[in-house]
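Peer 1: Here is my input; please provide its structure:
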Amino acid sequence: QVNDGLGQVDINVADRAYFQQALMSNGVVVSEPMVSRVSGEWVIILARQVKGADGKPLGVVYAALLSKHFNTLFSRFALGLGGAVSLRTDQLALVSRFASGEPASDAELGTKRVSPALHQALANNPAKGLLTTRTALDGIERVNAYRRIAEMPLILLAGLSTEHFVNDWNRDAARVWGIA
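Peer 2: Purely as a prediction, here's the structure:
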């Protein structure tokens, strides 16, 4: 039950995929991004089966992690102009994205739109890697690093804009050559 300000309201999540998966699993289940029935905000759910003393399932315990919470964490990174950090599920659904210089938005959350280069990189090395590509969401070319999060079906990607990254590198290289 949830208090909606007018009284107690029953919220049933038994029809959600994460609930059904958690009932059948002995580990933590991570949902695809979804809009919470409680808060109305984008979340991912971490769920786990609860067993009785006899070992039989009693139900599911779960926690909702707000997408905007990840945005707040990502906004603390020094990405430079045009840099971006995103969190995606194993299925490449967008959980959260912070891009420096852009306003926060829920517009692309839950979508699976990524560059062909990212698909190829993940096929070649699913655990971690580097690639340079134009990001499908905003068209900015970035040098990206990605890594799967241990024991979770999540991928963290961080990218620096090639325009700004390379310009800074060229400026620093020119200084060094000038000194030399």
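Peer 1: going forward, measure contacts between C-alpha atoms and count neighbours the same way
Peer 2: OK.
Peer 1: In contact with residue 85: list those residues for me.
Peer 2: Shown here is residue 85, whose contacts under the criterion CA atoms under 8 Å, 6 or more residues apart in numbering are 74, 97-99, 156-159.
Peer 1: Just the buried ones among these, please.
Peer 2: Taking 16 or more other CA atoms under 10 Å as the criterion, what is buried in the contacts of residue 85 is 74, 97-99, 156-159.
Peer 1: Just give me the closest of the contacts of residue 85 to residue 121.
Peer 2: residue 157 (12.1 Å; CA to CA).
Peer 1: partner residues bridging that closest one?
Peer 2: Beta-bridge partners of residue 157, counted by DSSP bridges, are residue 86, residue 146.
Peer 1: ranges for the strands of the protein?
Peer 2: All strands of the chain, identified by DSSP state E, fall at 2-3, 8-9, 29-30, 34-35, 42-51, 57-66, 84-89, 94-99, 128-134, 141-148, 154-161.
Peer 1: Low-confidence ranges, the chain, go.
Peer 2: Judged by pLDDT under 70, the chain has its weakly predicted residues at 1-7, 165-170, 173, 180.
Peer 1: Tell me which residue is most central in the protein.
Peer 2: In the chain, the C-alpha nearest the mean C-alpha coordinate belongs to residue 87, at 1.9 Å (CA atoms, centre = their mean).
Peer 1: correct me, but that one touches residue 156?
Peer 2: Yes. Residue 87 is in contact with residue 156 according to CA atoms under 8 Å; the separation is 4.7 Å.
Peer 1: With distance to residue 91 as new columns, can the buried ones among the contacts of residue 85 be given to me in CSV?
Peer 2: What follows is the buried ones among the contacts of residue 85, written out as CSV (distance: CA to CA, whole Å):
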residue, distance to residue 91
74, 21
97, 16
98, 19
99, 21
156, 13
157, 14
158, 18
159, 20
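Peer 1: of the residues you listed, closest to residue 135?
Peer 2: The shortest approach to residue 135 among the buried ones among the contacts of residue 85 belongs to residue 159, at 9.2 Å (CA to CA).
Peer 1: I'm done for today, thanks for sticking with me.
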